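**Student:** give me a 3D structure for the following:
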Amino acid sequence: MHQAVLLKETVDLLGIREDGVYVDGTLGSGGHAEAVLEQLGPTGMLYGIDRDREALSRSGQRLSRFGNRFCGVHGNYADMKELLGEIGVATIDGLILDFGVSSEQLDTADRGFSFMQDGPLDMRMDQRQALTAAVVVNTYSEADLAAIFWCLGEERDSRRIAKRIVEQRELEPFATTGALAALISAAKGGRRGRRQHPATKAFQALRMTVNHELESIEKGLSDGLQLLKPGGRMAVISFHSLEDRCVKHFFREHEGRWESLAAGGERWNGALPAVRRITRKAQKPSAAECRENPRARSAILRVSERLEGPDKGRKGGHDEVTSQTQS
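**Tutor:** Numbering: from 1, shown residues only. Predicted structure coming up:
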């Protein structure tokens, strides 16, 4: 079973209230959700959202002992405002977002997420959608493929890989993860002592493209913050620099800053709703956790709390509040 990363740190920093309403927007196998539910009282509630019906089924069985204090919801966490609104939830006390791919998805060859096992080029988290990795690899232009590998995978050999893919697919379309991984490895000159498999970054980029992951992160952070009550907290776990940059930028914008006015007084300049960062520095897994669960080694946790207003906790009044952006 998938091991939830930074489990204790995440739940501790959320500051669970026994009667609170919480959302795990990336439910997976339910590890974080279970830890939250264990701290909730009889009137507490947790909603778990996931795009993967198989994950919802697994977690539903795991969390069945909590009865009607748990509710599973099928959908994308980016749509949480609409999904929760449909079942009458307008505000929440806390939110967890974990952007990692579950071990069950990675280890199931038929899902096509991993180059470690040969399987169909799929990579869909929600199997209702039409776009698959095979569609991307076999139909996108060479320029678009190179841009995907560079922008989403930070792959230095993006152009060379894209060129080789287009040349090869003219002879025979790509159908399996093994065939694609072999071509990428050859295009990069083989493993040659690398710790990381040569296809790692390109596969990451394809998965992010298929599942529109960056777009989901941006909307999910915004919707999640709007759902939070003042004093509610959002815990976000990222696994690579692109995701973490999105989270840092979002929290920084909403943390805002006070600016002095030439005529006197101050103005708060930032996005609304305002937040304060609970984690001033990113929280990372301990060495012990990384030994026990090597897939945790790149995890980064950041937590912020929604404020009543931008002047929360400051003494005295302020002349003006200006919001550059409204989430």
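
**Student:** need the helices for the stretch 1-150 of the chain, in chain order.
**Tutor:** 7-14, 31-37, 53-62, 80-85, 103-107, 133-139, 142-153 (DSSP state H, counting those that start in this stretch).

**Student:** could you pull out the helices for the stretch 201-327 of the chain?
**Tutor:** Going by DSSP H, counting those that start in this stretch, the stretch 201-327 of the chain shows helices at 213-227, 241-255, 287-292.

**Student:** list the contacts of the last one.
**Tutor:** Read it as helix 287-292. 3, 5-6, 296-297 (CB atoms under 8 Å, 6 or more residues apart in numbering). In short, each C-beta sits where N, CA and C put it, glycine included.

**Student:** now for residue 195, how many residues are close by?
**Tutor:** 6 (other CB atoms under 10 Å).

**Student:** please apply the same query to residue 110.
**Tutor:** Residue 110 is flanked by 9 other residues according to other CB under 10 Å.

**Student:** so it touches residue 117, yeah?
**Tutor:** No. Residue 110 is beyond contact range of residue 117, at 9.2 Å (criterion: CB atoms under 8 Å).

**Student:** now residue 242: how far from residue 48?
**Tutor:** Distance of residue 242 to residue 48, given as CB to CB, to the nearest Å: 25 Å.

**Student:** compare the two (neighbour count), which wins?
**Tutor:** Each of residue 242 and residue 48 has its neighbours counted (other CB under 10 Å); residue 48 has more, 27 against 19.

**Student:** mark which of the contacts of helix 287-292 are buried, thanks.
**Tutor:** Applying 16 or more other CB atoms under 10 Å to these, the neighbour count classes 5-6, 296 as buried.

**Student:** got those as a markdown table, with distance to residue 192 and pLDDT columns?
**Tutor:** Putting the buried ones among the contacts of helix 287-292 into a markdown table (distance: CB to CB, whole Å; pLDDT from 0 to 100) gives the following:
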| residue | distance to residue 192 | pLDDT |
| --- | --- | --- |
| 5 | 30 | 93 |
| 6 | 33 | 95 |
| 296 | 27 | 89 |
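
**Student:** quick one: which of those is nearest residue 232?
**Tutor:** residue 6 (19.3 Å; CB to CB).

**Student:** the closest one: what's it in contact with?
**Tutor:** Shown in contact with residue 6 (CB under 8 Å, 6+ apart): 237, 283-285, 289, 296, 299, 301.

**Student:** so what's the spatially most central residue of the chain up against?
**Tutor:** Centroid-nearest residue in the chain, with CA atoms, centre = their mean: residue 99, separated by 2.5 Å. The contact partners of residue 99, taken as CB under 8 Å, 6+ apart, are 26, 213, 217, 236-239, 243.

**Student:** out of those residues, who's nearest residue 129?
**Tutor:** Of those, the one sitting nearest to residue 129 (CB to CB) turns out to be residue 213, at 12.9 Å.

**Student:** tell me the pLDDT at the closest one?
**Tutor:** What the model reports for residue 213 is a pLDDT of 94.

**Student:** so that it lines up with my notes, have the first residue be 778 from now on.
**Tutor:** Happy to do that; since the first residue is 778 now, the last one works out to residue 990.

**Student:** was I right to think it contacts residue 983?
**Tutor:** No. Counting by CB under 8 Å, residue 990 does not reach residue 983; the two are 10.8 Å apart.

**Student:** more neighbours: which of the two?
**Tutor:** Taking other CB under 10 Å, residue 990 and residue 983 do not tie; residue 983 has more neighbours (28 against 22).

**Student:** how much space is there between that one and residue 898?
**Tutor:** 8 Å.

**Student:** now do the shared contacts for the two.
**Tutor:** Joint contacts of residue 983 and residue 898 (CB under 8 Å, 6+ apart) are 910, 914.

**Student:** on that earlier part again, just the helices of the stretch 978-1104 of the chain: most buried one?
**Tutor:** Looking across the helices of the stretch 978-1104 of the chain with neighbours counted as mean count of other CB atoms under 10 Å, the highest average goes to helix 990-1004: a mean of 20.

**Student:** what's that one in contact with?
**Tutor:** Residues contacting helix 990-1004 (CB under 8 Å, 6+ apart): 800, 802, 853-858, 861, 866-869, 872, 874, 876, 929, 984-985, 1011, 1013, 1019-1020, 1023-1024, 1027, 1031, 1050, 1052, 1083, 1104.
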